[in-house]
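Peer 1: Any chance you could fold what I've pasted below:
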Amino acid sequence: MKLVGIVGSNADFSTNRKLLQFMQKYFSDQAEIEICEIKELPAFNEPADTTAPKEVQVLSDKIAQAEGVIIATPEYDHAIPAALKSALEWLSYTTRPLLDKAVMIVGCSHGSLGSSRAQRNLRQILDAPEIKARVLPSSEFLLGQSLTAFNERGSLIDKEKTKELAADFTEFKNFVELTNKLLESHPPKEKTKFAWEEV
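Peer 2: Numbers count the residues shown, from 1 in each chain. Predicted coordinates:
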C-alpha cells in the first residue's frame with residue numbers, strides 16, 4: 001500500500017515528523033509511507049488563475065498517486081498550525097487531490113492532550129466542500145508529552161501507545177481498501193464548480 005505522510009508543521013524540529021518517521025519504519029512491511037514536508041510551500045495568496053505553484057503541484061501529485069494520506073498535526077492555540085492550513089488552502093483552491101481520498105489523522109503535543117482540539121479542527125476542514133476528504137472515523141491517535149515519548153532510536157517508548165497506533169493503522173489500511181473499492185464501483189462525479197470560480 002502506498003501512502004503519503006504529511007508533516008503538519010513548518011518547524012525544523014517537530015515530534016509530529018518523528019511520529020511519521022517512526023510509522024514509516026515500524027509499518028514498512030505493510031505500507032510504503034513517503035513523508036512530505038510543507039515548510040517550503042509559499043503562504044496561500046489566492047492566485048486569480050487558480051494555478052498551483054510548483055511546490056504545491058509536487059505535493060498534490062504525490063497525494064493523487066497515493067492510496068491514502070496520513071496527516072500528523074501539532075496543536076497551536078487550540079487549532080492546526082497556520083502552515084498546514086495554508087497548504088490545505090492551496091490544495092483546495094487549485095488541484096483538489098484530497099477529493100474522496102482516505103485520510104488518517106494523528107498528532108503529537110508537548111502537553112498532555114496530544115493535539116485533540118487540533119485534530120477536531122482538522123476534521124472539520126477536511127470535510128469542507130472544496131476538499132471533501134474521506135477521514136477515518138471513530139479513531140484518533142493522540143500522543144501527549146511527545147518530547148519524552150521517543151527513545152534515541154526514534155521509537156515510541158510506551159508499548160501500549162505503540163499497540164494503539166498499530167491497531168489504528170490496521171483500521172486505516174482496511175478503510176483505505178474499502179474506500180478505494182467503493183470508488184471503483186461508484187466513481188466520483190466531476191469536481192463541483194463553485195460559484196466563486198465562475199466570477
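
Peer 1: so where does the most centrally placed residue in the chain fall, helix or strand?
Peer 2: Centroid check for the chain by Cα atoms, centre = their mean gives Ile71 as the closest residue, at 2.0 Å. Secondary-structure assignment from DSSP states H and E places Ile71 in strand 68-72.

Peer 1: could you give me the average pLDDT of the longest helix anywhere in the chain?
Peer 2: What stands out as the longest helix in the chain, according to DSSP state H, is helix 159-185. For helix 159-185, the mean pLDDT works out to 96.

Peer 1: Now do the same for the spatially closest residue to Ile35 that is not a sequence neighbour: its pLDDT.
Peer 2: In this structure, Ile35 finds its nearest non-sequential neighbour in Gly5, 4.7 Å apart by Cβ to Cβ, 6 or more residues apart in numbering. (Glycine included, C-beta is placed from N, CA and C.) For Gly5, the pLDDT comes out at 98.

Peer 1: Double-check that Gly5 belongs to a helix.
Peer 2: No - applying DSSP: H, G, I helix; E, B strand; the rest coil, one finds Gly5 to be strand, outside a helix.

Peer 1: sorry, back to before: show me what the residue nearest to the centre of the chain is bridged to.
Peer 2: Listed by DSSP bridges, the beta-bridge partners for Ile71 are Ile6, Ile105.

Peer 1: Determine how far stretch 107-125 lies from the middle of the whole chain.
Peer 2: The chain centre lies 12 Å from the centre of stretch 107-125; the measure is Cα atoms, centre = their mean, to the nearest Å.

Peer 1: And it, end to end?
Peer 2: 16 Å (Cα to Cα, to the nearest Å).

Peer 1: contacting residues around that stretch?
Peer 2: The contact list for stretch 107-125 (Cβ atoms under 8 Å, 6 or more residues apart in numbering) reads 8, 15-16, 18-19, 71-76, 78-80, 84-85, 88, 105, 131, 135, 140-147, 149.

Peer 1: Could you list the low-pLDDT ranges of the protein?
Peer 2: Residue ranges of the chain with pLDDT under 70: 188-199.

Peer 1: Let me see the ranges of the helices in it.
Peer 2: Under DSSP H, the chain gives helices at 15-26, 54-65, 82-93, 116-126, 159-185.

Peer 1: Between those, which one is closest to Met1.
Peer 2: helix 159-185 (6.1 Å; Cβ to Cβ).

Peer 1: same for that closest one, what does it pack against?
Peer 2: helix 15-26, strand 68-72, strand 102-108, strand 141-143 (3 or more Cβ pairs under 8 Å, 6 or more residues apart in numbering; DSSP states H and E).
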